[in-house]
Structures are given as C-alpha cells and as structure tokens.
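Build the 3D model from these lines:
(one chain, ligands or ions: 3)
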Amino acid sequence: MNKKTATAFALVIAALAIAAPTFLAIHLAKKEGLHAETGRALAYARDVLHRSNSTADQIYSGIKRLTEARSGDPCSDASLELMRQIDISSSYIQAIGYVSGERLMCSSLGRHGEGLYLGPVDLVTSTGSALRTRVELPFAKGNSFIVVERAGYAAIVHRDLPIDTTTSEKDVSLATFTPDNRQIRTSRGFVKPKWMDVLGDRPEATFFDSGYVVAVVKSNRYATGAIAALPVAHLEQRTRDVAMWLVPIGILAGTVLALAVLYLAKLQLAMPAVIRAALKRNEFFLVYQPIVELKSGKWVGAEALIRWRRPDGEMVRPDIFIQVAEDSGLIQLITERVIGIIGRDASNLFKRHPDFHIAINLSAADLQSRRTVELLHRLAGETGAGPGNLLVEATERGFLNADVARVLVRELRAGGIRVAIDDFGTGYSSLSYLEAFELDFLKIDKSFVDTVGTEAATSQVVLHIIEMAKGLKLEMIAEGVEQESQAQFLRDRGVQFAQGWLFGKPMALADLVGRLPGPADA
Ligand code: C2E
Ligand code: CA
Ligand code: CA
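Ligands and ions are numbered 1, 2, ... in the order given. Down below sits the predicted model:
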C-alpha cells in the first residue's frame, strides 16, 4: 500500500466510521421512539377507558341499588336518602336520580318539582342504557353532562371526566366514543372520527396516521371506547435530541478511528525504514527450536527462528515483519543477516556435534537469487559444515517459479545443503511440480498435526500427506507437536522427525547447546 492509497483508505474509514453509527443510531432512535410513543399512546387510551369503565361500574351499581330498594314512590324520603348515599360514595358520579319521560324528577340533590328537562335520548346502547351525551343542568350552568339512564334511574357524570387526565406531553388528543354508533362522546385535541373504524373486532389497535401515533381501545364490558393520539412532533423532537448527542460522538469516534488507521498505516509504511535501521543496529537475533528423532527422542537438529527486539524492549512477531520485509524487498537482507548470525554461532556447534543440523528459513525471493546459494555455500565453508549440517526450509510459494528454483535447489544440494518443503499442505502444492524438485524433507504443517486424534473433517489429510511423502521418498518433520499422543500417532505412521513445544520451545543457542549431550556422552 502506498501513501496515497493509505490516506484515501483512512479517509474512507473515517467517513464510514462517522456516518454509519450516526445513521444507524438515528434510525434506531426513530424506531425506538416510535415504539415508545406507541406504548405511551396505548397507555393513555387504556387509562381513559379505565376511568370510563370505573364510571360505568359506579353508575350501574348505583342504579342497581336503587332498583333493588325500590318500593312504591321512587322519590320517597328513603329513596332520596339512598341516592345521597350513593352520590357521596361514588367519586365519578355528580348526581343520581329518578327519571320520568324526559324529566329528572328527583335526585341526590333533592326533589326537582315538575322535573328537570333532560332532552331526548341520543342513543340506546347495546347493553340497554339510554344515553344523553350533552345535557346542561340549571344548577351547573356552563357545564356539559352525560346522563346514563336505565330502568327509570339516571346517573349524571361530567362529560370530560374520563379524558380529564393530566398528560406529561401537551397536545395529546384524547376521546371516548360509543362503538355501537361510532360517535365521539367526548374529546379533546385533534381526533379523526375515521380512527374509530380501524379497531374492527379487535380490543386494541395502534397505528400511525396524519402525523399522529394513535391508539384505539374498547371495553369488553360496556359500550365504550377510547382514543389517544400523540403528534409525531414529539417523536421528531426526541430523535433530534438523540441526534444532537450522537452526531458529535460519531464525529469524535470517527476522527479517533481515522487517526488510528492513519497512524497504523504510517507505521506500516514506515516499517521498511525501521527494519533497515534495525538491521543496522543489530536488533535481530536467532533462537533455535530443537528437532527430534521420534524413534529415539534424540535432538538431531534445530530450526533457526528470527527474533526482533526493539530498543524499547518490545518484541515484534516474525509473522508480521517477515511479511513486510517480503513485500518491500528487504527479505534478502534479513536472510543474509540470519546466515551471518549462524556463521558466528555454528562453527563450534558442528565441530562438537557433527551430526547436528541447523535449519534456515528461506523466502520465495531467496530461492530466485543466486546470491542465496553463494551465501549458503560460503556459510558451509566458514563453519566447516559437512553434508547434512545445513538445511533450508522453503514454503511451496518458494518453488512456484520452478525453472530458477530448481536450478538453485540442485546447486544447494550439490554443496551438501539439504532442502525441506515447509508448511506443507497449506499452499498450492500439486504433486506434479513437487516431483520436479529434488528435495530431502517435507515439513507437515502444524494445522494438520493439530487434527491428529480429533474428529475434524481434515484429520484424514495428515495420513494422505504421510503417504505422499513416502511416495516421493521424502523424510518427514512434523511441526507443532504439543502432545505425546500426537507424537505417538506420527511415530506409528512412520514420521521420522518432529518439532514442537512437547520437545522444546525456541531457545537461545547457549541453552540449546547446554542440553545437547557432550561428545563424550554421545
Ligand atoms: P515456521 O517456519 O512455520 O516456524 C514455526 C513456527 O511455529 C515458529 O513460530 C515456532 O515458534 C512455532 N512453533 C513451533 N512449535 C510450536 C508448537 O508446538 N506450538 C505452537 N503453537 N507453535 C509452535 P515463529 O518463530 O513465531 O515464526 C513464525 C514464522 O515466521 C515462521 O513459521 C516463518 O515462516 C517465519 N520466520 C521465522 N524466522 C524466520 C527467518 O529467519 N526467515 C524467514 N524468512 N522467515 C522466518
Ligand atoms: Ca520453517
Ligand atoms: Ca513451518
């Protein structure tokens, strides 16, 4: 990645990081808000219905008491006394009395002489009550009452009682209606008569119409329904409030993320320069991981693995910087350094342990360059390495450019350096091109060793690899062996060598040498 693409990439990430969560959050806030608002509307409608039901309960229980107690004159002193008692004990009822024709003859307020004219009945409900929905009474001028009449008795209630509730938002529309004739009984705020129709046979419905979140409910006991509607202006305000918070947070988060991406991109871009400096300052060193003969458990060799310790003590993982070095054309400098370090480390080692080998990792570019052969041959000369003391490992990728690689492999082997194919099975191997090379070892990748003894679908692959290696007459080194059961399995199938934490982790040369038997005890 060059600087321009990296910057463009970072900017795109930043824009996405700002936009995506903000949009998502606003969308969610809207959805959540709509949900909450719908719930609120439903709660209001249920509350209105509840008050309306309670009112009806009080009315009908009052009327029932009066009809049950009736004997003779419905306006007797005893009747009036009962009416007063009912009135006082019923919080929703303004008055309760006896009706004859269209006149209220007497009530909890007393006898009304010729009777108070109530006007004609507006509607008879399905439950048999006669309703007058807009009655004015002389003793409460300016107020509008509902009169519910049944069996000659009538209760008087305030029209607005069911909807006379305090709401936390203003602009909340509330209404009660009579489902039988679809008439709004009482309402406040904007109410569309059409909303009553939405309910159908359902007890409750919520929907969105004309800029309102609407809830409609009806009673299963009385001929009463209730409507509550909240203007979405509330919702939009709430979404705006959420956005007010989210947008700056999104911008902040996006900026931080973009800076982080830029920083990482810069690090990545700067890495080659840092690797060069690290080579100059000798920040690289080698550790060695033992390779054992499975049959005897004897340490027969070690793989040299590079390590990078930054001046601040931080260790950079090889799978990170090796990749960068390969991409930026620095890998051959690293290989040269590895060979240089082994040159210093190995001469004594081979003298004292003539059968021991050191394995060196080569990258694809190394196998394309004659210089690698020269360096390795020089190393063999300097360290007095005999045939078999040095081994190189290259992945399948290293053999892809077959024409050059084949010649170099032949030259290496002619100089007594053996060759292993590394990480076998993870690349693009096909038998045919492997046959074209003269190789010595096949390293079975850790990922296949891991499947040994498991149910994994790939657990058969290791057996195929072993058969293939035998067919090609290659010796095998199994990588990443961590358990004795794996070692046992591999040993039983004829794998000659293994490497892994079961036998030893990568270690400093001194530790390795310290654990090899001296020539005397060998
Ligand atoms: P690799 O060549 O496959 O090396 C084996 C890796 O597996 C090493 O990781 C080693 O420490 C690790 N390993 C060995 N046994 C076990 C085990 O039992 N369990 C587990 N979990 N891991 C085990 P390391 O040293 O981090 O090296 C990573 C890769 O970096 C190497 O993979 C190799 O591709 C590359 N590398 C390391 N040193 C060099 C070098 O000098 N030159 C080049 N070109 N590449 C190198
Ligand atoms: Ca290797
Ligand atoms: Ca490997």
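
and stretch 329-347, anywhere near ligand 2?
No. Counting by Cβ under 5 Å from the ion, ligand 2 has no neighbours in stretch 329-347; the shortest distance is 11.7 Å. Just so you know, the C-beta spots here come from the backbone N, C-alpha and C atoms, and that holds for glycine as well.

List the buried residues in that stretch.
Across stretch 329-347, burial judged by 16 or more other Cβ atoms under 10 Å covers 330-332, 334-335, 337-339, 341-343, 345-346.

Let me have those in a markdown table, adding distance to Y117 and secondary structure as columns.
Shown next, in a markdown table, are these (distance: Cβ to Cβ, whole Å; DSSP: H, G, I helix; E, B strand; the rest coil):
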| residue | distance to Y117 | secondary structure |
| --- | --- | --- |
| L330 | 107 | coil |
| I331 | 108 | helix |
| Q332 | 113 | helix |
| I334 | 109 | helix |
| T335 | 113 | helix |
| R337 | 113 | helix |
| V338 | 113 | helix |
| I339 | 118 | helix |
| I341 | 116 | helix |
| I342 | 118 | helix |
| G343 | 123 | helix |
| D345 | 120 | helix |
| A346 | 122 | helix |
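
can you put these in TSV and add distance to ligand 1 and pLDDT?
Output for these, formatted as TSV (distance: Cβ to the nearest ligand atom, whole Å; pLDDT from 0 to 100):
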residue	distance to ligand 1	pLDDT
L330	11	95
I331	6	96
Q332	10	96
I334	6	98
T335	6	98
R337	9	97
V338	5	98
I339	9	98
I341	9	96
I342	10	97
G343	14	95
D345	13	88
A346	14	89
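
In the stretch 151-300 of the chain, what residue lies closest to ligand 3?
Proximity of the stretch 151-300 of the chain to ligand 3 (Cβ to the ion) peaks at Q289, 10.4 Å away.

Nearest spatial neighbour of that residue, chain-adjacent residues omitted?
Nearest residue to Q289, sequence neighbours excluded (Cβ to Cβ, 6 or more residues apart in numbering): P506, at 4.2 Å.

pLDDT averaged over the longest helix belonging to the chain, what's the number?
If you go by DSSP state H, the chain has its longest helix at helix 3-69. Averaging pLDDT along helix 3-69 gives 84.

what's downstream of it, the next helix or strand?
With elements assigned by DSSP states H and E, the helix or strand that comes after helix 3-69 is helix 77-89.

elements contacting that following helix?
Helix 77-89 sits against helix 3-69, strand 93-100, strand 103-107, with contacts defined as 3 or more Cβ pairs under 8 Å, 6 or more residues apart in numbering; DSSP states H and E.

Could you pull out the buried residues of that helix?
Applying 16+ other Cβ under 10 Å to helix 77-89 flags 79-80, 82-84, 86-87 as buried.

any idea how far the residue nearest to Q289 is from ligand 2?
The gap separating P506 from ligand 2 is 11 Å, by Cβ to the ion, to the nearest Å.

Now do the contacts for that residue.
By Cβ atoms under 8 Å, 6 or more residues apart in numbering, P506 lies in contact with 287-289, 303, 305.

For the helix or strand hosting the residue of the stretch 151-300 of the chain closest to ligand 3, name the packing helices and strands.
Q289 belongs to strand 284-293 when assigned by DSSP H and E. In terms of contacts (3+ Cβ pairs under 8 Å, 6+ apart), strand 284-293 is packed against strand 299-309, helix 331-352, strand 357-362, strand 497-499, helix 509-515.

Could you list the buried residues of the last one?
Within helix 509-515, the residues scored as buried using 16+ other Cβ under 10 Å are 509, 512-513.

Just send these back as JSON lines, with pLDDT and distance to ligand 1 too.
Output for the buried residues of helix 509-515, formatted as JSON lines (pLDDT from 0 to 100; distance: Cβ to the nearest ligand atom, whole Å):
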{"residue": "L509", "pLDDT": "95", "distance to ligand 1": "14"}
{"residue": "L512", "pLDDT": "96", "distance to ligand 1": "14"}
{"residue": "V513", "pLDDT": "94", "distance to ligand 1": "19"}
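
Could you see whether ligand 3 lies near stretch 346-360?
No. Figure legend: stretch 346-360 not in contact with ligand 3 (Cβ under 5 Å from the ion); closest approach 9.8 Å.

Could you list the residues in contact with that stretch?
Contacts for stretch 346-360 (Cβ under 8 Å, 6+ apart): 288, 291, 299-304, 335, 338-339, 342, 376, 379, 382-386, 388-393, 418, 420, 509, 513, 516, 518-519, 522.

For it, measure first residue to last.
Terminal residues of stretch 346-360 lie 12 Å apart, using Cα to Cα, to the nearest Å.

distance between it and the chain's centre?
In terms of Cα atoms, centre = their mean, to the nearest Å, the centre of stretch 346-360 is found 53 Å from the chain centre.

Repeat that for stretch 19-36.
Worked out by Cα atoms, centre = their mean, stretch 19-36 lies 16 Å from the chain centre.

With stretch 390-398 instead?
That offset, for stretch 390-398, works out to 41 Å (Cα atoms, centre = their mean).

ditto for stretch 384-392
Its chain's average C-alpha position is 53 Å from that of stretch 384-392, according to Cα atoms, centre = their mean.

is any part of that stretch close to ligand 1?
No. Interface with ligand 1: stretch 384-392 contributes nothing (Cβ under 6 Å from any ligand atom), its closest point being 10.1 Å away.

Stretch 177-189 spans what distance, first to last residue?
Start and end residues of stretch 177-189 are separated by 14 Å (Cα to Cα).

Can you tell me what sits against that stretch?
Here stretch 177-189 has contacts from 122-123, 125-126, 131, 133, 146, 159-160, 162-163, 171-176, 191, 193, 196-197, 199, 218, 223-227, 229, using Cβ under 8 Å, 6+ apart.

Separate out the buried members of these.
Buried among the contacts of stretch 177-189 by 16+ other Cβ under 10 Å: 122, 125, 131, 133, 146, 159-160, 162-163, 172-176, 191, 196, 199, 218, 223-227, 229.

can you list the residues of this structure near ligand 2?
Going by Cβ under 5 Å from the ion, the residues of the chain near ligand 2 are 361, 393, 422.

one step back: if the residue of the stretch 151-300 of the chain closest to ligand 3 is in a bridge, with which residues?
E303 (DSSP bridges).

Enumerate every residue touching it.
If you count contacts by Cβ under 8 Å, 6+ apart, then Q289 has 302-303, 305, 499, 504-507 around it.

okay, and the helix or strand of this protein with the least pLDDT?
Taking mean pLDDT, DSSP states H and E as the measure, helix 431-435 is the helix or strand of the chain with the lowest mean score, a mean of 72.

which of the contacts of P506 are close to ligand 1?
289, 305.

Tell me which two of the contacts of P506 sit farthest apart.
V287 and E303 (9.3 Å; Cβ to Cβ).

neighbour-wise, which of those two wins?
E303 (24 against 17; other Cβ atoms under 10 Å).

Is it correct that G113 falls within a helix?
No. Going by DSSP: H, G, I helix; E, B strand; the rest coil, the assignment for G113 is strand, not a helix.

Check the gap between it and ligand 3 for me.
Distance from G113 to ligand 3, by Cβ to the ion: 112 Å.
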